[in-house]
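> Pasting the sequence and the predicted model now:
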There are 2 protein chains.
Amino acid sequence: MTLSIAHLGPPGTYAEQAAVIYANWLKQNTGIEATLCPYPSIAQSLQAVAQGNTQLTVVPVENSIEGSVTMTMDALWMLDSLRIQLALILPITHTLISCATSLDEIKTVYSHPQALAQCQGWLEQFLPNVQLIPSNSTTEALKLLKEDTTSAAIASMRAAELYNLPTLATGINDRPENCTRFWVISQGETDNSYHKSSASRTHTSLAFSLPANLPGALVKPLQIFAQLDINLSRIESRPTKRSLGEYLFFMDLEADADTPKMQSALAELNSYTEILKIFGSYNILPIEI
Amino acid sequence: MTLSIAHLGPPGTYAEQAAVIYANWLKQNTGIEATLCPYPSIAQSLQAVAQGNTQLTVVPVENSIEGSVTMTMDALWMLDSLRIQLALILPITHTLISCATSLDEIKTVYSHPQALAQCQGWLEQFLPNVQLIPSNSTTEALKLLKEDTTSAAIASMRAAELYNLPTLATGINDRPENCTRFWVISQGETDNSYHKSSASRTHTSLAFSLPANLPGALVKPLQIFAQLDINLSRIESRPTKRSLGEYLFFMDLEADADTPKMQSALAELNSYTEILKIFGSYNILPIEI
């Protein structure tokens, strides 16, 4: 059995790095081999699973500095069939990659907007006059660097090695504790028995819309979990896209949806919400990097 | 008296359009003239006010499709001295600007990532094979279009007129009800008497961090307002940037901070929060466009 895993490409992105870590874990724990399939956007890597072109995708959910990856949340709400199987947290160490011989020669720095934002203090200090150009992924601009020695890109050290490119500085993220959480996602209906374990899963993610924007409308859903002593580890709002001021709420709860306590909480939650979607229960992959 | 207003440039952005609307309103209602000052990023236009280089800035807060402008929220939390004076809501109608004679000739489309995202359905339908290139603002790439007739940019009709460029399609946003909310922001300490009115202001915005991530920690702050029948019109979480899973919460409440009810709610809120920052009370500018 071989599994196919979609991720944001080209190869060398942090999403690919997370997919490689997951694939290695899978091989060691189940013997199952995986092949990686790069896609030009996060939305397309989620659609690949929804349309059955790949069995899994590994997508970024949130970064400790720049926050939620809204594209992942919006696609998960839209694509009803997807289920979260596992989470993994990847430490992020950004590297400045360039064929220039010194920082003085650099006129342009390319990277994904999240990576540019995570290094803005370093860039202001060491490259205050360069032009910052956003790209669709951290690795998209790497192919330009050999031709243009006045350009640099921010990506991982692993990307520099993959593309055989020199680095000028590493650990350039403004905060050393920078990390990104990823989700491993499959279709709900398919056989994911290799993810199942007898142990209870630690997290459940869900999203809902509310029937009306009234004082206290959000208190009731939160009270349900507080009264049952279930910790809410994240709440995010996203626009319903119908009209300004109407929101969806995304929640991560520290409990398994199959436990009687959560079953009762979810039944009560259903009575206060307009649309409720449960994206699955899962564990966090213990990784050592 | 002349006021200076910072905004995301180059001229022709939606932020500039909002600043022009505000400047016209100011002139009609107070006789005060304003000059506009474009800055290369939203963060820099907020810093311009914090450092006293301009008296005001007009910045986007949230879009009905793409959600919060996280840069605005993060800068507001960091730059303690800023206060919100007014909100205004601008309908957004995106236009495809290009010197090409038909859609078939277009190979590349430039725009701000929010604008590209707001037109993704239209782009998939009518320009499925073009390369989408994110830029720092909707107007940044307009200067390239006269030289390269295979390129297009997504910006406002007003931008096309300002730069004297032809348009190929208008109203290309996927949802016609697309609109963006802006805030007019000044330093708290300066004289903003022209904003004051005897009438009560309709909204208050604030943000806080919580002392511990425990079950129910967020319920208490929400309960305070629910019990006083104060509507919460928006809640957003942002990372504290200290470690993954620690958040700041941004709230918009439908009440004036100076009323006794809100004063009592804010005093109680202060006892449950670690850091509480109140960004000001304000009205929404009634605009007819």
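Thanks, I have the structure now. Residues are numbered from 1 along each chain as shown, chains lettered A, B, ... in the order given.

> Against which helices or strands is the longest helix seen in chain A packed?
Criterion DSSP state H: the longest helix present in chain A is helix A:14-30. Judged by 3 or more Cβ pairs under 8 Å, 6 or more residues apart in numbering or on different chains; DSSP states H and E, helix A:14-30 is in contact with strand A:2-8, strand A:33-39, strand A:56-63, strand A:82-91, strand A:179-187. Where C-beta positions appear, they are placed from N, C-alpha and C, glycine not excepted.

> Let me know which of the ones you listed is the nearest to chain B.
Chain B lies closest, by Cβ to the nearest Cβ, to one member of these: strand A:179-187, at 5.4 Å.

> got the angle for the closest one vs strand A:82-91?
Relative orientation of strand A:179-187 versus strand A:82-91 (axes from the mean of the first three to the mean of the last three Cα atoms, to 10 degrees): 160 degrees.

> Kindly report the residues of the stretch 51-200 of chain A close to chain B.
For the stretch 51-200 of chain A, the residues in contact with chain B (Cβ under 8 Å from any Cβ of the partner chain) are A:62-67, A:70-71, A:89, A:113, A:117, A:120, A:132, A:134-136, A:175, A:177, A:179, A:181.

> What are the boundaries of the strands in the stretch 101-250 of chain A?
Along the stretch 101-250 of chain A, the segments classed as strands by DSSP state E, counting those that start in this stretch run A:108-111, A:131-134, A:151-155, A:167-170, A:179-187, A:203-209, A:232-239, A:247-253.

> Columns mean pLDDT and mean neighbour count on top of the ones you listed, output as JSON lines?
JSON lines is the format used below for the strands of the stretch 101-250 of chain A (pLDDT from 0 to 100; neighbours: other Cβ atoms under 10 Å in any protein chain shown):
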{"stretch": "strand A:108-111", "mean pLDDT": "95", "mean neighbour count": "22"}
{"stretch": "strand A:131-134", "mean pLDDT": "88", "mean neighbour count": "18"}
{"stretch": "strand A:151-155", "mean pLDDT": "97", "mean neighbour count": "28"}
{"stretch": "strand A:167-170", "mean pLDDT": "96", "mean neighbour count": "17"}
{"stretch": "strand A:179-187", "mean pLDDT": "96", "mean neighbour count": "23"}
{"stretch": "strand A:203-209", "mean pLDDT": "96", "mean neighbour count": "21"}
{"stretch": "strand A:232-239", "mean pLDDT": "92", "mean neighbour count": "20"}
{"stretch": "strand A:247-253", "mean pLDDT": "95", "mean neighbour count": "21"}
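
> if we can go back for a sec, among the helices and strands packed on helix A:14-30, which is the most enclosed?
When the helices and strands packed on helix A:14-30 are scored by mean count of other Cβ atoms under 10 Å in any protein chain shown, the highest mean neighbour count falls to strand A:56-63 (a mean of 26).

> Show me where chain A dips below the pLDDT cut-off.
A:189-191, A:196-198, A:288-289 (pLDDT under 70).

> Quick check: bridge partners of the residue nearest the centre of it?
In chain A, the residue lying closest to the centroid (Cα atoms, centre = their mean) is residue A:60, at 1.0 Å. On the basis of DSSP bridges, residue A:60 is bridged to residue A:182.

> what residues are up against it?
Counting by Cβ atoms under 8 Å, 6 or more residues apart in numbering or on different chains, residue A:60 touches A:8, A:14-15, A:18, A:42, A:69, A:72, A:180-182.

> coming back round to it: and the longest helix of chain A, what's buried?
For helix A:14-30, burial by neighbour count (16 or more other Cβ atoms under 10 Å in any protein chain shown) applies to A:14-23, A:25-26.

> What of stretch A:136-148?
For stretch A:136-148, the buried set under the neighbour-count rule, 16+ other Cβ under 10 Å, comprises A:136-142, A:145.

> Closest one to residue A:163 out of the residues you listed, please.
Closest to residue A:163 out of those is residue A:142 (4.8 Å), distances taken as Cβ to Cβ.

> Tell me how far that closest one lies from residue A:159.
Distance, residue A:142 to residue A:159, using Cβ to Cβ, to the nearest Å: 6 Å.

> Let's have the helices and strands packed on helix A:14-30 in TSV, adding distance to residue B:213.
Formatted as TSV, these follow (distance: least, Cβ to Cβ, whole Å):
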stretch	distance to residue B:213
strand A:2-8	29
strand A:33-39	34
strand A:56-63	15
strand A:82-91	16
strand A:179-187	15
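
> between these, which one is nearest to residue B:237?
Across the helices and strands packed on helix A:14-30, residue B:237 has its closest neighbour in strand A:56-63 (9.7 Å, Cβ to Cβ).

> Output the closest one in CSV with nothing but the alpha carbons.
What follows is strand A:56-63, C-alpha atoms only, in CSV (Å, rounded to 0.1, in the frame of the first residue of the first chain):
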residue,chain,number,x,y,z
LEU,A,56,-4.0,12.8,2.2
THR,A,57,-2.8,16.4,2.5
VAL,A,58,-0.6,18.2,5.0
VAL,A,59,-1.6,21.8,5.4
PRO,A,60,-0.5,24.7,7.7
VAL,A,61,-3.1,25.7,10.3
GLU,A,62,-1.5,28.5,12.3
ASN,A,63,1.9,30.0,13.1
